[in-house]
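J.: Any chance you could fold what I've pasted below:
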Amino acid sequence: MEFRVKDILKIQVAPALGCTEPVAIALGSAAAVSLLPEKRIDAIEIWVDPNIYKNGLAVSIPGTDGLSGLDMASALGAMGGDPKLRLEVLDSVDETAVTAAIEMVKAGRVKVNLLRDQVGLHIRTVVNGGGHTAESVITGLHDNVVSLSLDDQEIVESDLLPHAAEKNGTSRLAELEAWLKALTLDQLIELLDDLDDEDRNFLQAGVDVNLRLADYGLKHGPGLGVGRTMERLVRQGLIKRDMLVAARILASSAADARMSGVKLPAMSSAGSGNHGLTAILPIVAVEEFLSVDHALVIEAIGLSHIITAYVKAYTGRLSAICGCSVAAGAGATAGITYLMGGTKQHIAGAIKNLTEDLAGVICDGAKGGCALKLATAAGTAVQAALFSLQGVNVSFTDGIIGRSPEDTMKNIGTLTTQGMIETDRTILNIMLEKQFSDV
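T.: All right, here's what the predicted structure looks like:
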């Protein structure tokens, strides 16, 4: 099946309010509740895969003044979420819904089950209320509602099922990823030739959305305040505002805002808001140092999304490796190199440079500290591009670096899907021990 850049953007890039893992949980609950004849909610039970559990455990939920937890996300979606908004499901949540959700969680009416052996994104939600039982299942994509049922009767027609798996069991995402894997870097770059005005306007909307988060983070310093702290260090003359630092400030300030639960959406990439921040904002930051047409910046961001999607096709949606570093970071460095006039060879070199630098960064769940990782990924994306443009290229004889950029990205996937399975379990166990410790 043949895809175009428009298809990649449609499937891989979307606005998301809050961290996409608790948001997906909220969507599952909201979707199930929408089926109940009476919107009475007595109890909720959810089953989630290890990576959804890991990423939804500690991150702040937007509009709740710092509340967190998978049970809380589920209750919020049930009490006030609008499933038609998909990844912005929590935009409709108000103070009344927050209060009701808190009471529901405190009463122990939300049960969370961890499917330790589940592979791939999976969220099953069962809501009991008014003598009825409603169920939703989300798989593959964070907003991919694949089944709905009421009192054990499957719902076949619903506006919430546009991304449902096809009869042959192959989702559109799986088809896209299989198609992407067959492309070379040259072919990935050539996809930019198909960008039309609609695509460019959509990419610009992503810039605007993510800049609003960055602006909020710089003004208010929420979360760890990484971005605002770096900006203050610049003003104090302790560090210089160069390309690397500008990229770090912009990406981390947006992550500060997003991870602290600020009620502003992010334009996601490959199913992650933080991937979207990393894929877009370092390129925006670099623009101020260059004399380039803004249309070229939009093309560079388009390439960034394409490369991010390509890497994620190998690593999977969620993994033990920080996708903001190795996937969105690869996208960002490719886009930056393209923006600076680099050739395919320069882009390939930049991707290899970044991979050598950041391949070992683990994902230990979504939380305020992600702002530090985004700062690192953003700065390294710029550095990898500059190094490649100056002739610095990591050799294929080094570690997991391949002879080609395609092989390098495949190796990242192999490392993630085969080499770090036990690492992922260990990370989750450490997090669970902390959660249930009396200390």
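
J.: can you map out the strands along the stretch 51-200 of the chain?
T.: 110-114, 122-129, 132-139, 145-150, 153-154 (DSSP state E, counting those that start in this stretch).

J.: In CSV, list those along with mean neighbour count and distance to Glu190.
T.: Placement of C-beta: from N, CA and C, glycine included. Output for those, formatted as CSV (neighbours: other C-beta atoms under 10 Å; distance: least, C-beta to C-beta, whole Å):
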stretch, mean neighbour count, distance to Glu190
strand 110-114, 17, 43
strand 122-129, 22, 35
strand 132-139, 22, 32
strand 145-150, 19, 33
strand 153-154, 9, 43
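
J.: Arrange the ones you listed in a markdown table, one row each, with mean pLDDT and distance to Trp179 as further columns.
T.: Formatted as a markdown table, these follow (pLDDT from 0 to 100; distance: least, C-beta to C-beta, whole Å):
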| stretch | mean pLDDT | distance to Trp179 |
| --- | --- | --- |
| strand 110-114 | 96 | 33 |
| strand 122-129 | 97 | 24 |
| strand 132-139 | 96 | 20 |
| strand 145-150 | 94 | 21 |
| strand 153-154 | 94 | 30 |
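
J.: would a markdown table of those strands with distance to Asp94 be doable?
T.: Converted to a markdown table, those look like this (distance: least, C-beta to C-beta, whole Å):
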| stretch | distance to Asp94 |
| --- | --- |
| strand 110-114 | 19 |
| strand 122-129 | 20 |
| strand 132-139 | 22 |
| strand 145-150 | 24 |
| strand 153-154 | 32 |
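
J.: What would stretch 109-116 look like as PDB? C-alpha coordinates only.
T.: Extracted C-alpha coordinates of stretch 109-116, given in PDB (Å, rounded to 0.1, in the frame of the first residue of the first chain):
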ATOM      1  CA  ARG A 109     -14.100   2.500  43.300                       C
ATOM      2  CA  VAL A 110     -11.300   2.500  40.700                       C
ATOM      3  CA  LYS A 111      -9.200  -0.600  40.300                       C
ATOM      4  CA  VAL A 112      -6.000  -0.700  38.200                       C
ATOM      5  CA  ASN A 113      -4.600  -4.000  36.900                       C
ATOM      6  CA  LEU A 114      -1.100  -4.400  35.400                       C
ATOM      7  CA  LEU A 115      -0.900  -6.900  32.500                       C
ATOM      8  CA  ARG A 116       2.800  -7.700  33.100                       C
END
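
J.: show me what contacts the residue lying closest to Thr96 once chain neighbours are set aside?
T.: Once flanking residues are discounted, Thr96 sits nearest to Gly80: 7.3 Å by C-beta to C-beta, 6 or more residues apart in numbering. Counting by C-beta atoms under 8 Å, 6 or more residues apart in numbering, Gly80 makes contact with 90, 92-94, 96-98, 100-101.

J.: Any of these buried? List them.
T.: Buried by 16 or more other C-beta atoms under 10 Å: 90, 92-93, 97-98, 100-101, out of the contacts of Gly80.

J.: quick one: which of those is nearest Asn113?
T.: Ala101 (18.9 Å; C-beta to C-beta).

J.: tally of neighbours for the residue lying closest to that closest one once chain neighbours are set aside?
T.: Excluding its sequence neighbours, the residue lying closest to Ala101 (C-beta to C-beta, 6+ apart) is Ala75, at 3.7 Å. Counted with other C-beta atoms under 10 Å, residues neighbouring Ala75 total 30.

J.: Next one: Ala75 from Ser252, what distance?
T.: 30 Å (C-beta to C-beta, to the nearest Å).

J.: With Lys106 instead?
T.: 34 Å.

J.: The two - which one has more neighbours?
T.: Higher neighbour count among Lys106 and Ser252: Ser252, with 34 against 10, using other C-beta under 10 Å.

J.: so which helix or strand takes in the more buried one?
T.: helix 243-259 (DSSP states H and E).

J.: name the helices or strands packed onto that helix?
T.: Other elements packing on helix 243-259 under the criterion 3 or more C-beta pairs under 8 Å, 6 or more residues apart in numbering; DSSP states H and E are helix 197-220, helix 226-235, helix 273-287, helix 370-389.

J.: Need the contact partners of the shortest one.
T.: By C-beta under 8 Å, 6+ apart, the surrounding residues in contact with helix 226-235 are 214, 217-221, 239-241, 245, 248-256, 371-372, 375.

J.: filter the residues you listed to the buried ones?
T.: Counted by 16+ other C-beta under 10 Å, the contacts of helix 226-235 give 214, 217-218, 221, 239, 241, 245, 248-256, 371, 375 as buried.

J.: which residue lies farthest from the center of this structure?
T.: Here the chain reaches farthest from its C-alpha mean at Gly131, the gap being 37.0 Å by C-alpha atoms, centre = their mean.

J.: Can you tell me how far that one is from Ala266?
T.: Taken as C-beta to C-beta, the span from Gly131 to Ala266 is 39 Å.

J.: show me where the stretch 301-439 of the chain has helices.
T.: 323-326, 328-339, 344-358, 370-389, 405-414, 421-436 (DSSP state H, counting those that start in this stretch).

J.: Just want the angle from the fourth one to helix 344-358.
T.: Following axes from the mean of the first three to the mean of the last three C-alpha atoms, to 10 degrees, one obtains 140 degrees for the angle between helix 370-389 and helix 344-358.
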